[in-house]
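>>> Just the structure for this:
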Amino acid sequence: QVQLVESGGGLVQPGGSLRLSCAASGFTFSSDWMHWVRQAPGKGLEWISAIRENGGTTSYADSVKGRFTASRDNAKNTLYLQMNSLKPEDTAVYYCAKDLRGSWSWDYWGQGTQVTVSS
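Residues are numbered from 1 along each chain as shown. This is a model prediction of the structure:
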């Protein structure tokens, strides 16, 4: 079955960096777009990034553009999110999500990893 397992979250000071990872299994990872979404306390899900099957195309929400970079290693079935210049408003649970047949909707997502940006 499809499994997505995020890791790499934690507590970081404003201006700091974190790198999230998402280990994928149970499907052909190299055949699907992948996404990062997040949920801040008391708010709904926010899409923040998408990356094409071969990693050659990425897209970002305005809220993270220029600070976050998505990448993937298809040989390792792993998705990454490099987060730089973190702000308190980036505090959220971060999820990786599998795209549903190129629709930019998601059919599977992981359990999430907590990122807290605070001094």
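>>> sec struct for Glu89, please.
helix (DSSP: H, G, I helix; E, B strand; the rest coil).
>>> check contacts around it.
Ala40, Ser63, Val117 (CB atoms under 8 Å, 6 or more residues apart in numbering). No exception for glycine: its C-beta is placed from N, CA and C like everyone else's.
>>> measure the residue nearest the centre of the chain to Ser119 for me?
With distances taken as CA atoms, centre = their mean, the residue of the chain nearest its centroid is Trp36 (2.9 Å). Distance, Trp36 to Ser119, by CB to CB, to the nearest Å: 24 Å.
>>> sorry, back to before: specify the beta-bridge partners of the residue nearest to the centre of the chain.
Beta bridges link Trp36 to Ser49, Cys96 when assigned by DSSP bridges.
>>> Strands of this structure, residue ranges please.
Remark: strands assigned in the chain by DSSP state E are 3-7, 10-12, 18-25, 34-39, 45-51, 58-60, 68-73, 78-83, 92-99, 106-109, 113-117.
>>> buried residues in the first one?
With burial defined by 16 or more other CB atoms under 10 Å, the residues of strand 3-7 counted as buried are Leu4, Glu6.
>>> That strand pairs with which strands, parallel or anti?
strand 18-25 (antiparallel).
>>> Fine, thanks again, bye for now.
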